[in-house]
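> predicted structure and sequence below. I'll ask about it afterward.
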Amino acid sequence: MSASAASPLLHLITTINLLLLFLTATVSATDHIVGANQGWNPGINYTLWSNNQTFYVGDLISFRYQKTQYNVFEVNKTGYENCTIDSAVGNWSSGKDFIPLNKAKRYYFICGTGGCPNGMKVSVIVHPLPSPPKSAIAATHSSTKSAAPAVARGINSIPVLFGLFTLFWIGF
Ligand SMILES: *[C@@H]1O[C@H](CO)[C@@H](O)[C@H](O)[C@H]1NC(C)=O
Ligand SMILES: *[C@@H]1O[C@H](CO)[C@@H](O)[C@H](O)[C@H]1NC(C)=O
Ligand SMILES: *[C@@H]1O[C@H](CO)[C@@H](O)[C@H](O)[C@H]1NC(C)=O
Ligand SMILES: *[C@@H]1O[C@H](CO)[C@@H](O)[C@H](O)[C@H]1NC(C)=O
Ligand SMILES: *[C@@H]1O[C@H](CO)[C@@H](O)[C@H](O)[C@H]1NC(C)=O
């Protein structure tokens, strides 16, 4: 095959490859439903729930509840410990709230309608993600190691296969 004929195809493959990498990295965000099928209600130990999850930057935390009874406030540590909303940096009340966890830090959420002393408080630690290009390179060069969380979570084998295919194509 001549170089001039292969070039547009090569561009197409590279573009698809990059798109796939981008999509895989984007789609891998997890929605953590607070309390799973028990939702946001009194009498549940949400520490047990949050200890059982791993949160990464870009994930969502979502609260499902009766909007006539409860709501959600993001507060600081003091607000979480004392069930006060003076420190509120955000509040939600739709009954089905999706809140993006955009920073690597500890977040605190409580119910602002009196449910907090009955256990309606949750604190989660959000971990940083290694950047996708680094993970992609790591995944391509080492198929057996997947120590980094992003590699295990974000990068499936399809983009890696496309990457190898592209390298193969360039090689010939
Ligand atoms: C919830 O569970 C955690 C972890 O086992 C425990 O430390 C905490 O005391 C519990 N909270 C309540 C209110 O029972
Ligand atoms: C922890 O997660 C596992 C697997 O998703 C689930 O089976 C278990 O019920 C969870 N435990 C709690 C306390 O949420
Ligand atoms: C929070 O409650 C503790 C006691 O549980 C109290 O010592 C402290 O002053 C309270 N903090 C605020 C800001 O109200
Ligand atoms: C939380 O916010 C309240 C009110 O703004 C403030 O008094 C308190 O010191 C803050 N606590 C922390 C741990 O930052
Ligand atoms: C709830 O958030 C809105 C903005 O979204 C704000 O105007 C309002 O004061 C907040 N309510 C409380 C009680 O903090």
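Perfect, I can see it now. Numbers count the residues shown, from 1 in each chain. Ligands and ions are numbered 1, 2, ... in the order given.
> if I've got this straight, F73 is in a strand?
Yes. Per DSSP: H, G, I helix; E, B strand; the rest coil, F73 lies within a strand segment.
> partners of it in the sheet?
N91, I110 (DSSP bridges).
> pretty sure it is touching I110, no?
Yes. Using Cβ atoms under 8 Å, F73 is in contact with I110, at 5.4 Å. The C-beta positions use only the backbone N, C-alpha and C, and glycine is treated the same way.
> which residues do these two both contact?
Taking Cβ atoms under 8 Å, 6 or more residues apart in numbering as the contact rule, F73 and I110 both touch 79, 85.
> top strand in the protein by residue count?
strand 121-127 (DSSP state E).
> ok, it near ligand 3 or not?
No. Against ligand 3, strand 121-127 shows no contacts by Cβ under 6 Å from any ligand atom, the least distance being 13.3 Å.
> who does that strand pair up with?
When DSSP bridges is applied, strand 121-127 pairs with strand 55-56 (parallel), strand 106-110 (antiparallel).
> residues in contact with the last one?
The list of residues contacting strand 106-110 from outside it, by Cβ under 8 Å, 6+ apart, reads 34, 61, 63, 72-77, 79-80, 83, 85, 99, 101, 116, 120-126.
> restricted to buried residues, select those in PyMOL.
Burial among the contacts of strand 106-110 is assessed by 16 or more other Cβ atoms under 10 Å; the matching PyMOL selection reads:
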select buried, resi 34+61+63+72+73+74+75+79+80+83+85+99+101+116+120+121+122+123+124+126
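> and the contacts of strand 106-110 near ligand 4, which?
76-77, 79.
> by mean pLDDT, flag the weakest helix or strand of this protein.
Least confident helix or strand of the chain, by mean pLDDT, DSSP states H and E, is helix 149-154 with a mean of 43.
> which residues in the protein form helices?
3-27, 46-51, 77-82, 132-141, 149-154, 157-171 (DSSP state H).
> ok, D31 touching D97?
No. D31 is beyond contact range of D97, at 11.4 Å (criterion: Cβ under 8 Å).
> can you tell me how far N37 is from ligand 2?
From N37 over to ligand 2 the distance is 10 Å, taken as Cβ to the nearest ligand atom, to the nearest Å.
> residues near that residue, how many?
Residues contacting N37 under the criterion other Cβ atoms under 10 Å number 6.
> any idea how far it is from K67?
The spacing between N37 and K67, counted by Cβ to Cβ, to the nearest Å, is 18 Å.
> give me the neighbour count for Y56.
18.
> also G90?
Applying other Cβ under 10 Å, we find 11 residues neighbouring G90.
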